[in-house]
Each structure stands twice: as structure tokens, then as C-alpha cells.
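S.K.: Whatever this is, show me its structure:
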Amino acid sequence: MNKQQLANKIWASANKMRSKIEANEYKDYILGLIFYKFLSDNEVNYLKSIGWTDEDIVTLVENHEDQEAVMMMEYCRNNIGYFIEYKNLFGTWLKPNSEFSVADLSGALNSFDRLISPNYRHVYENVFKTLQAGLSKLGENTTSQTRALKNLIKLIKDIPTDGSQDYDVLGYVYEYLISNFAANAGKKAGEFYTPHEVAILMSEIVAEHHKNKDKIEIYDPTSGSGSLLITIGKSVGRHIEDKNKVKYYAQELKENTYNLTRMNLVMRGIKPDNINTRCADSLEEDWPLQTDGGDIGKPLYVDAVVSNPPYSQQWDANDRELDARFKDYGVAPKSKADYAFLLHELHHLKPDGILTIVLPHGVLFRGDADENSEGEGKIRRNLIEKNNIDAIIGLPANIFFGTGIPTLIMVLKQHRDNDDVLIIDASKGFVKEGKNNKLRECDIKRIADTVRERKTIPGYSRTVSRDEIRQNGYNLNIPRYVDSSDPVEKFDIYATMFGGIPHSEIDELQKYWDTFPSLREELFRADTDKPYSQLRAEDTQSVIEQNADVKAFQKRFARAFEGFANSVHHRLIDHVDTINPQKELDAISDDIFARLHETPLINRYAAYQALADNWQGITNDIETIQQEGIGAVRVVEPAYKLVKKGDEEIEVPDGLKGRIIPFELVQQEKFQDELKAIAGLQMRVEEISGELDEIRESFSEEESEAYLDSEKENAFDKKAITAGAKAKKDAVEEETKEKLKKIVKLWEEQKNKNKQIKEAKQALIDKTVEAIENLSDEDISLFLHKKWIDPIIKGIDETLTEVLSAFETKVLTLGKKYAISYKQLNEDLGKSQKELSDLIGELTGDEFTLLGLNELINGEKK
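M.R.: Here you go, the predicted model:
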């Protein structure tokens, strides 16, 4: 399994196994156990790296009376920071003869805490406290608790922890579980998780700012699970060759969440020396502080601060005026700590540092900002006057787990070369996923590009001068500066009354007329005496498709992507065993943007999304090939599916599959005749079903009673029909007997066809297996191209189709808008009323009926 499949499998089982335990609590147990497995495996891997064998490892024991054992314990503690004896190793609990119980885990956790090296206590001390305290919640007694733990141990045993994959699989699974637990944890999710897409966006902004640095220090004062901090570290690490040059500072108030931070950082392969964490209140006690040199106890300044603090939280604002963090800006009100967090973070920035923080929209406009005001208005004014705010990015609503509050990312710096503020309204760029909205890759890239280039884009972004912000009373509410609302539809009075399409509304499609200059006249016939036009033809689509300028545009688009497929093939496939997927993604996306630079109308970000939509699958395949060699493409392996067995879901075999290349891809390329033959057989089976339905529908009432089973939705009664078809001459009417014989004959044919289909499918599978296992290098290149590159090309081509389709829709909508004028509607209505009156006038009846009909006629005339 690749990392995505493994993560899916573990999450599906874990979510079932947690039963009635809250997702917010259960995450601490399974994630804690994964971390224990990591540390246990890490010790074994370390010992093997210095020459220990499995037999040697069995001798690991905590024995303070044995000098050799003491030396071994100290050796481990000095080199990896802790010691776990053999009986407490995760792998030992998996042995066939293991008699593991909940007491064993409890004892192992106590032992671990006791044997941490003093130099590593800041990283490991009490890291399993939440897991230890929660063991009793896994069942009503030790038996049920042990059973639950055994199931968890079996579930996570396949997670690799040897570091050979740069901790990527372990980190991916861990992050995947955290995000899924967050999605199921309701309001509590905000305590520990920032959605990955938001973290990616913040990290792209930070990484771009520090792309030329060879080392960096980053800090999150409300670290939660540590995912945001790690994402930032990973992004800035793309520009730093030595990943050990990234130093992490994290502070978190809640102990169980603080433990998640430490676990997450350690499991990413970050050296303990680069991990600085503290379980405390960032607002109550300023941190981080200098720990050496002549400035011990003074504030430590970092290159980047990132955070997603709790929104509008209460805090102790008393006597804060002289606090170094707040004295130059103001003190946040006690009911809303948003600016308190921001100022704490800004205080810890180096002069060239950058801060990205998630905040509620209220910080943009709450409180008066005049010179004598206090609170949020004063802070906002000072941030503007001291030139700290670099950008404000409005995010879509309902993007965070557990809250629908609209949020924003504010970007701040200590020193800037410009004094304007970039304001972006990105609230409409998202995709719906379950109950939440989610930023797409193209949304993230568009925002990051806009921040980097400080672009003004109508309806999306604008750089706003400090003078304009002053004139608005330091109110930074996004709609004041960027109007992203949809334009109100206008109706032309003349066109509404008399018909015709106003030229002013046709002019609104000017960007299309600039690209297709001859198309306007082909679509619209202008009136000679007034500024209105009529659609020339009903078949607008054909006119557009046949237009010379449209055809030229299509050719221009095709030329822009000449050689693109070969270029991507060379990048990804010719060097698949050595490439860095992230660097290739950046290079290919740059290529797409460059090719579309001179191509109007096409949304470059939609084209980029075509690449992004396929990238995770491509990356998974690349990782597999780089780990296992190119031979992995020739591997056929068992497929599995989850089925319910009692109260559990278990994996059962479900045929075969290619590890990299899907069977369907090979079959479509190499076995088209076999696929057509199977399709022909299946079509005949469907025809037979149709013929049987026709016979059933032709049954008389007597035939239905005799040969249909009313208790089974009038299905054929097979026994009765078979007997009737063989009955003697006068036992069944001849016409009925012919129907029954036809049914039996069709059944027999259907049975034979289904047998042929089964045999043909198996033969095709056998051929496919043989073909995959014997793929030539040229075949591998071909199929990787078809799997990876063809879908990207198709997605990019669809951006052109979407442009033309959207244009056609606009033209048709314009035509329909004024297709029926008010004058014509009135004339048609009058004609219909007259016809109705004439018809009513021909009716006859008694005196009262005629009076009623006469009143109806008069009413219609009114």
C-alpha cells in the first residue's frame, strides 16, 4: 500500500473501533500508541545500525544491579534520549507467544518516563501522560481494555518508522489521522488542528519571504498538534539544503495537545536539539526567552511566527500597559484576546521576520480608532501607523472544523519598504467537501501569487494606501476596499418593452470580442436605427464553432502546449528514480503559466488545478518506484476490500491489481478485441433480460397467477415455468406454452452467456497479469505516460472547452433575456383572452350559468 491507502485503512478501522469514545479523546490514544511504536522501532533500528542482532536485542533489560545492563541503558539514553527494555518493545508485543495486557503498556509507559535522559526531558517528559490516563476508557475492565489495545496494535503495526522514506509515510499517516479526528471532533477540533490547506497557504507566504536564507527559526505560540508549525518548516526547508538548519519553538496551553506537538515534531525526524517546546499560556508568560549568552531571560526573536489562536478568547488584561509586548500598541480588551496573541507574536519577530496569523474578521473593524481610544481600535491604528500590516487575506466561511466563523490571515512584518496594505477577498475560492469548505490547490496558488506580486485584481485584491485607510478611520473591513459581490443584473427598459438586445450589454462581453473580433457580427444583427441587435441564428453553438477567430484561437492554444506532454514525460518518467516531486511540481506549474502568459481568456489557475488534481496519485507512484525500484511497475498483487464480520470490518481478498499500473489501462491498450468480445456478450445478456421482461408484461392475468411469484415482486416462478414448458399437449394452452418454452430457452442462453463472460474475464485477467509482469521498459514508459500525463493534458484541454462553453451560455442568456418583449407578451395575452371569450360565448346553460360565464368574460377583458 502507498501512504494514502495505508492512512485510509487505519482511519476506517480506527473510527469503527473507537465506538462511543469521543473522537477528540480517542485521537490521543491511537496517536500516542503510534508514537510509542515510533520510539520503540527507533531504538531497535539504532541498535542494529551499530551491529546489534535480533538475538542481542532480546538481552535488553532494565537491571541496575548488572553493570553491563547499566552501561547499555546509559548508552541508549545518551544517544537516542531514552531506553526501552526488550519486554516493553512494541515489536515484542507482536510476537506469536506474547501475552500482552493493558498492564504491560501501563508499565512500559511508566518505565519510559523514568528512563529518559536528563538532556532529553524537555522533549519526552510526560509525553504519554494523556495515553496513560485514558487507558481505562478503552473498556469496562482489563480484559476489554486489553482487547481494544491489541486491536490498535495490530492496526498500526504496518506503519513504517525506519526513516528510510524521510519519515514521509509516518508523518502523512499521523497528519491524516489528526485531520480526520478533527473532522469528527466538532467544536473541539479548533483546539488542535489547522486545516492543511490553510497551513500550506501560510507556509507558502513564509517560505517565499525567507527563500534566500540558509537557516531559520520558527515559532507557534498556540501550536495545537504542531501540524501548522511542521508545514511551515517543510515549506521553508525546500530552500534550505540542511533540514537541521530549521529550529522549532512551540507553546501550547492544553497538556494533551502539547503532547501532540512534541510527538509530531519528533516523528518528522527533527533533532531534539531543534525542538523547543513549553506547556504554558503564551499571554500570561512571555516566551521564548534567551537561554544563554549575556541576554539570558530576554525575549528570543525568530524569523517567522505562525499561529491559529483561539478566536475572541477571554484573557486577563489587567495591568498589561507596561508589558513590553503591548506598551507601544495598546492592550486588547479582556473579552477578546485576538490582538493580544498578535502583539505577542509580533514582539518576537526579528527585524526581517514575517508573521502570519489566523483571526476572525472582527479585528478589522471592532473598536474606535481615534487618538484617544483604547482597545482594538487603538491597536489597529498603531499597527497601520507603525507600518506592520503587510496583507489581509479574507478566507471562505466554514473552512475550519468546528466553527463557521469567517476568518482571515493577516501578514505582518517588523520592517517594510512600502506603506500600503494588500487586501485580498478570497472568500469565493473553494470547493465544498462534506460539511466544510476547502481551499483548492489553485486557490492557494492564486492567493500566494497575489501576495508575492502584490497585484491589484478587480473584485479580488487591491493595494490600499495608508492615506486611504486613515480616511476610513482605520477600518480595515475588506468590503470597504475590495468589492467581490456579483454585479446586479440590469434590465433595459426599451428592450423589455419592445425586444432587442442592448448594445451596452453586448459590450460587456468585450474581452471575448477582443479575442474573436469577427464573431460579434456573425452572432448579432444590429438594428439600423437604434442601439439594439438581434441574434442571427438559433444554433449559436455552430456559429461559435465555425468562426474563423475561434478556430484560430484553438490553434493558438494548441501551439502554446506543443511539446508540453514530452517535456513532462522527460521530467517525470525519464528520471523517475531520482526526481524530487515537489521541485518537479513547481517547475511544471511554472511551465503551464509561462505557456498561457500570452493566451487570453484561459484561466491559468484552472489549468494548474488540472495538474494538482492528478499530482497526489503521481507522487504516490513515484515514491513507490523510488523505494522499490522500477520493477514495482511490473508487480501484480492481491487486492482487498473491507467486509463486515460481526461487529468488525475485516479485509478479505478481492482479486488482483497492478501495484502501479491499473489493469484497465493495460487492457484498453493491449486487449481491445477481448474487451469488445466481453462487451458483446454482456450486451446480449442485457437483451435477454429485456426480452424476458417483454414476455412477463405480455402475460394475461391467468398466466401471471400461474407463473409469477407475487411474494417476490412478480419474479418468474422458475419451477412452474419449467414444468409448464414440458407439460403434455393439452395441459397448457399452446400460446402460453410457446411463451414458457421461449423463457426457458432464453434462460439457457443467458446461463451460457454468463459462463462465457466469466471465462472471458478470467482469461483477460490472466493475459493482463502476464502482460504487466513482462512489461518492457518501453511499455513502462508508455503506461506511466497514459496514467500520469494524459489526464493532465485532458484537464488542461478542458479549460479551453470551458471558456467557449461559458461564452456560449452568456450569449444564449442574453438572447433569452429579451426574447419576448412586454409588447409581444401583451399582444399574445390579448389574443388568448379573445379566444377564451369566444369559446365561453359558445357555451349554453341556465340563467345563472350564463350570468357567471358573462362575468368571467368581463373579468378576462379587464
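S.K.: And the helices in the stretch 501-650 of the chain?
M.R.: Here the stretch 501-650 of the chain has its helices, by DSSP state H, counting those that start in this stretch, at 503-507, 510-515, 519-523, 540-546, 548-560, 564-572, 581-595, 604-628.
S.K.: would a markdown table of those helices with distance to residue 305 be doable?
M.R.: All C-beta spots, glycine's among them, are computed from the backbone N, C-alpha and C. Converted to a markdown table, the helices of the stretch 501-650 of the chain look like this (distance: least, C-beta to C-beta, whole Å):
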| stretch | distance to residue 305 |
| --- | --- |
| helix 503-507 | 49 |
| helix 510-515 | 42 |
| helix 519-523 | 53 |
| helix 540-546 | 52 |
| helix 548-560 | 42 |
| helix 564-572 | 36 |
| helix 581-595 | 24 |
| helix 604-628 | 28 |
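S.K.: among these, which is nearest residue 226?
M.R.: Each of these has some distance to residue 226 by C-beta to C-beta; the shortest is helix 581-595, at 20.5 Å.
S.K.: quick one: which of the helices of the stretch 501-650 of the chain is nearest residue 806?
M.R.: When the helices of the stretch 501-650 of the chain are compared by C-beta to C-beta, helix 510-515 sits nearest residue 806, at 9.5 Å.
S.K.: which of the residues in that closest one are buried?
M.R.: In terms of neighbour count (16 or more other C-beta atoms under 10 Å), helix 510-515 has its buried residues at 512-513, 515.
S.K.: Just the residues contacting stretch 48-64, thanks.
M.R.: 44, 47, 69-70, 72-73, 83-87, 89, 111, 115 (C-beta atoms under 8 Å, 6 or more residues apart in numbering).
S.K.: For it, measure first residue to last.
M.R.: Stretch 48-64 has an end-to-end distance of 23 Å (C-alpha to C-alpha, to the nearest Å).
S.K.: Same check on stretch 391-398?
M.R.: End-to-end span of stretch 391-398 (C-alpha to C-alpha): 21 Å.
S.K.: again with stretch 363-372
M.R.: Taking C-alpha to C-alpha, stretch 363-372 runs 19 Å from one end to the other.
S.K.: And the buried residues of helix 510-515, which is closest to residue 414?
M.R.: Proximity of those to residue 414 (C-beta to C-beta) peaks at residue 515, which lies at 45.6 Å.
S.K.: surely the closest one meets residue 600?
M.R.: Yes - applying C-beta atoms under 8 Å as the test, residue 515 and residue 600 come out as touching, 5.2 Å apart.
S.K.: what do these two both touch?
M.R.: Going by C-beta under 8 Å, 6+ apart, no residue sits against residue 515 while also sitting against residue 600.
S.K.: Residue 21 against residue 136, yeah?
M.R.: No - counting by C-beta under 8 Å, residue 21 stays clear of residue 136, with 11.4 Å between them.
S.K.: so how far is residue 121 from residue 282?
M.R.: The spacing between residue 282 and residue 121, counted by C-beta to C-beta, to the nearest Å, is 21 Å.
S.K.: ignore the last one, residue 239
M.R.: Noted for residue 239: a distance of 33 Å to residue 121, by C-beta to C-beta.
S.K.: and if you look at residue 838?
M.R.: Distance of residue 838 to residue 121, computed by C-beta to C-beta: 100 Å.
S.K.: Those two: who's more crowded?
M.R.: More crowded of residue 838 and residue 121, by other C-beta atoms under 10 Å: residue 121, with 13 against 10.
S.K.: Quickly find the element holding the more buried one.
M.R.: Assigned by DSSP states H and E, residue 121 belongs to helix 121-124.
S.K.: List the buried residues in the following helix or strand past that helix.
M.R.: Sequence-wise, the next helix or strand downstream of helix 121-124 (DSSP H and E) is helix 129-134. If you call a residue buried by 16+ other C-beta under 10 Å, then helix 129-134 has these buried ones: 129-132, 134.
S.K.: again with stretch 521-540
M.R.: Within stretch 521-540, the residues that count as buried by 16+ other C-beta under 10 Å are 522-524, 531-533, 535, 540.
S.K.: same question, stretch 420-435
M.R.: By 16+ other C-beta under 10 Å, the buried positions in stretch 420-435 come out as 420-427, 429-430.
S.K.: got the end-to-end distance for that stretch?
M.R.: End-to-end distance for stretch 420-435, by C-alpha to C-alpha: 37 Å.
S.K.: from the middle of its chain, how far away would that stretch be?
M.R.: Relative to its parent chain, stretch 420-435 has a centroid offset of 15 Å by C-alpha atoms, centre = their mean, to the nearest Å.
S.K.: quick one: contacts of it?
M.R.: Counting by C-beta under 8 Å, 6+ apart, 183, 384, 389-399, 406, 437-440, 442-443, 446-447, 450-451, 454, 459-466, 469, 476, 478-479, 481-482, 484 sit against stretch 420-435.
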